[in-house]
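Asker: Here is my input, please return the structure:
(one chain, ligands or ions: 2)
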Amino acid sequence: MRKIKPVDEWVTIRENIRLTPRLLKVSFDFPKLAKIARPGQFLQMAIEDARDPFLRRPFTVYRVKRNTIEILYEVVGKGSRLLSEKKKGERLKIMGPLGNTFTMSLKKRIHVAVGGGVGIAPFIFLGQRMPVHYFLMGARSKEGLLPNAEFRGLTGKKIFATEDGSCGMKGFVTAALEKVIREVGDAGKLYLFVCGPKKMLEAVMEMAERFGIEGEASMDERMACGIGACLGCMVKTRDGYKTSCKDGTVFNFKDLLVD
Ligand SMILES: Cc1cc2nc3c(=O)[nH]c(=O)nc-3n(C[C@H](O)[C@H](O)[C@H](O)COP(=O)(O)OP(=O)(O)OC[C@H]3O[C@@H](n4cnc5c(N)ncnc54)[C@H](O)[C@@H]3O)c2cc1C
Ligand code: FES
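Answerer: Ligands and ions are numbered 1, 2, ... in the order given. The predicted model follows:
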């Protein structure tokens, strides 16, 4: 992949809204980033705060609309809580795009995106740039699922799974993948794109191995620098340890060693 130099600028929030009790969406105009970002890439966001002015946090590019970038997020700690309190017109400092991208040059395959919770984020952007035939999304309950309206403009079939059965299939997202395998018949035709909690990645990769399905996973390890300098985000691969932020975040299943 051609290396693109990241840009780092202050941006102004256009909108910061709640989509469900769990999921929020923030958007801002950043023409330079909108032009060069590719699906799978992420950005480092500095969330301005008087006490802690440069708290950088990694977020995946969720959707690009002309000059506008959208980020899908959930509140898990201090940074994301501060972000959720930001209002239209307030500022964020954004550095990106960072990391590698999903493989976009696949031919004659059925592309299946598998997202756990906010792990669905990179696949909306992927669906904007190439056909995604199935979007599988898993969450604990319906509050963690992306509303249907967020899939507007995307033609892939959506299959939801919730652990409590409050929406879609009851169970894990692997149940949705099993359904697709049955529906398609020939598992070897599928190509998986996966992002989400580690346990979910492992379960999907185990299924992929069992059914002989190829694919790639976004390994969103905890990050500090986001640019390959601190070695704080290492991923175990067949070729030794690699940084998730610079060598990834996207790794082919074949290259990953899962403990
Ligand atoms: C490449 C990348 C892309 C990401 N994209 C998104 C996204 O699009 N939307 C989104 O909501 N989140 C995304 N995340 C996770 C997001 O960066 C964290 O939720 C955020 O940094 C938490 O910051 P905080 O200050 O709110 O919480 P903290 O106080 O830093 O942490 C709160 C809790 O979250 C856990 N946590 C933090 N980061 C991670 C992580 N990477 N993996 C697992 N657990 C973590 C911590 O262990 C802790 O339990 C991404 C992470 C990476 C590495
Ligand atoms: S976060 Fe520093 S090397 Fe990846």
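
Asker: residue contacts, residue 165?
Answerer: Residue 165 makes contact with residue 171, according to C-beta atoms under 8 Å, 6 or more residues apart in numbering. Just so you know, the C-beta spots here come from the backbone N, C-alpha and C atoms, and that holds for glycine as well.

Asker: The worst-scoring helix or strand of the chain on mean pLDDT near ligand 1 at all?
Answerer: When each helix and strand of the chain is scored by mean pLDDT, DSSP states H and E, strand 55-60 comes last, with a mean of 91. Yes: under the criterion of C-beta under 6 Å from any ligand atom, ligand 1 is reached by strand 55-60 at 57, 58, 59, 60.

Asker: Not including adjacent chain positions, what is the nearest residue to the third one?
Answerer: Looking back up the chat, that one is residue 59. residue 71 (4.7 Å; C-beta to C-beta, 6 or more residues apart in numbering).

Asker: Partner strands of the least confident helix or strand of the chain and their direction?
Answerer: Using DSSP bridges, strand 55-60 pairs in its sheet with strand 42-47 (antiparallel).

Asker: and this structure, which of its residues are near ligand 2?
Answerer: So far as C-beta under 6 Å from any ligand atom goes, the chain lies against ligand 2 at 223-226, 228-233, 243-245.

Asker: Just the buried residues out of the residues you listed, in ChimeraX syntax.
Answerer: For the buried members of the residues of the chain next to ligand 2, the matching ChimeraX selection, counting by 16 or more other C-beta atoms under 10 Å, is:
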select :223,225,226,233,243,244,245
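
Asker: so which pair among the residues of the chain next to ligand 2 is furthest apart in space?
Answerer: Spatial extent of the residues of the chain next to ligand 2 (C-beta to C-beta) is set by the pair 229 and 244 at 13.1 Å.
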